[in-house]
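Student: sequence and computational prediction follow.
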Amino acid sequence: MQKKNTFRNLAALVLGASLCVAAGACGTSDAADGGTKNAAGKTTQGYDVTKVETVDEIAALVPDSVKQDGKLTVGMDTSYAPAEFLADDGKTPVGYDVDLSKALAKVMGLEAQNKVASFDLIIPAVGSKYDVGISSFTITPERMDAVDFVSMYKAGSTWVTKKGNPDGIDPKDVCGQTIAVQTATTQEEQVTEMNEQCKAAGKKEIEVLTNKLQTDVTTNVTTGKASAFYADTPVSGYAIAQTGGQLEKLGEDVGVTKQGIVVKKGDKQMAEAVRKAMQHLMDDGTYEAILEEWGVQDGAIDKAEINPTDTK
């Protein structure tokens, strides 16, 4: 796995550079003080989690199998700025999910160990390779069949195209268009469903251009390989802010749904430890402060739940 991580980090550097060339800006732009950019385009060093304290009664809930090495191993796909992406060194994960994972671990008496992984491979490895998965996972009934979730955020989906919408994309009818999406996301599922509707209606099929990295998805639109991409609202907003005005939002945000921390199916003890730790961060203001640091506070929720029945 370490060899794969090394390759992915190198690939991220190359992809980041290509996006900078294509778009005139980069998600991890250099800043005078060495920080990265948040969703509003302002320089941030990220949230300082050193002030977060361990809560003994929550730490006591953590299963021995997790806390024996003092680490909370977190699987995340670091191509999804501003939630989780790589800093200018090409190897350090940053973003609001990264800060939340660090704060969560601190409350549980652990140290977060964020492991770079392909998005579609995280859920199958939670409980074996990773203690939890934190990577902008939308909570869906299908996913809850395989894993448990602790709700932590909410986000909609947004269509993005080149400035001026040169291909005349109408989000209500994208039949016959080339649409870029990240592999294994809910947006990929939705565009695939749209394509089935196009075929059933006798219209031209959608060319669904899937990539494992969101950086590739964004680049496909800035370079004209795809007419639009469909992604989580904070990710879309970040891409628009960081690409020098080359992209624009299409229509309104749709389908606001809760996102969650992935826990092994049936591991009630771990799920409860994660839930209480996240609720603690929400109650003491740390959660809101982290989201504000990254300019994504609009997606804040006030209650952490295990497998919420209401995901809206």
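Tutor: Alright, I've got the coordinates.
Student: from now on I want contacts and neighbour counts done on CA atoms only, so please keep to that.
Tutor: OK.
Student: what's the average pLDDT for the lengthiest strand in the chain?
Tutor: Across the chain, the longest stretch assigned as strand under DSSP state E is strand 247-264. In this model, strand 247-264 carries a mean pLDDT of 95.
Student: buried ones in the next helix or strand after that strand, by neighbour count?
Tutor: Using DSSP states H and E, the helix or strand that follows strand 247-264 in sequence is helix 268-284. For helix 268-284, the neighbour count (16 or more other Cα atoms under 10 Å) marks 270-282 as buried.
Student: could these be laid out in TSV, adding pLDDT and distance to Thr243?
Tutor: Formatted as TSV, the buried residues of helix 268-284 follow (pLDDT from 0 to 100; distance: Cα to Cα, whole Å):
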residue	pLDDT	distance to Thr243
Met270	98	40
Ala271	98	38
Glu272	98	40
Ala273	98	39
Val274	98	36
Arg275	98	36
Lys276	98	38
Ala277	98	36
Met278	98	33
Gln279	98	35
His280	98	36
Leu281	98	33
Met282	98	32
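Student: other residues contacting stretch 254-273?
Tutor: 58-59, 61-63, 108, 123, 126-127, 131-139, 146-158, 306, 311-312 (Cα atoms under 8 Å, 6 or more residues apart in numbering).
Student: buried only: go through the residues you listed for me.
Tutor: For the contacts of stretch 254-273, a burial check counting by 16+ other Cα under 10 Å picks out 58-59, 61-62, 108, 123, 126-127, 131-139, 147-158, 306, 311.
Student: just those: which are in strands?
Tutor: Judged by DSSP E, the buried ones among the contacts of stretch 254-273 include 132-138, 147-158 as members of strands.
Student: need the phi and psi values for Arg143.
Tutor: Per-residue torsions, Arg143: phi -70, psi -30 (degrees, to the nearest 10).
Student: could we number from 752 for the rest of this?
Tutor: Sure, I'll start numbering at 752, so the last one becomes Arg894.
Student: any idea of the pLDDT on it?
Tutor: Note on Arg894: pLDDT of 96.
Student: contacting residues for the residue most central in space within the chain?
Tutor: Residue closest to the mean C-alpha point of the chain, counted by Cα atoms, centre = their mean, is Ser887 at 3.4 Å. For Ser887, the contacting residues are 834, 848, 1010-1011, by Cα under 8 Å, 6+ apart.
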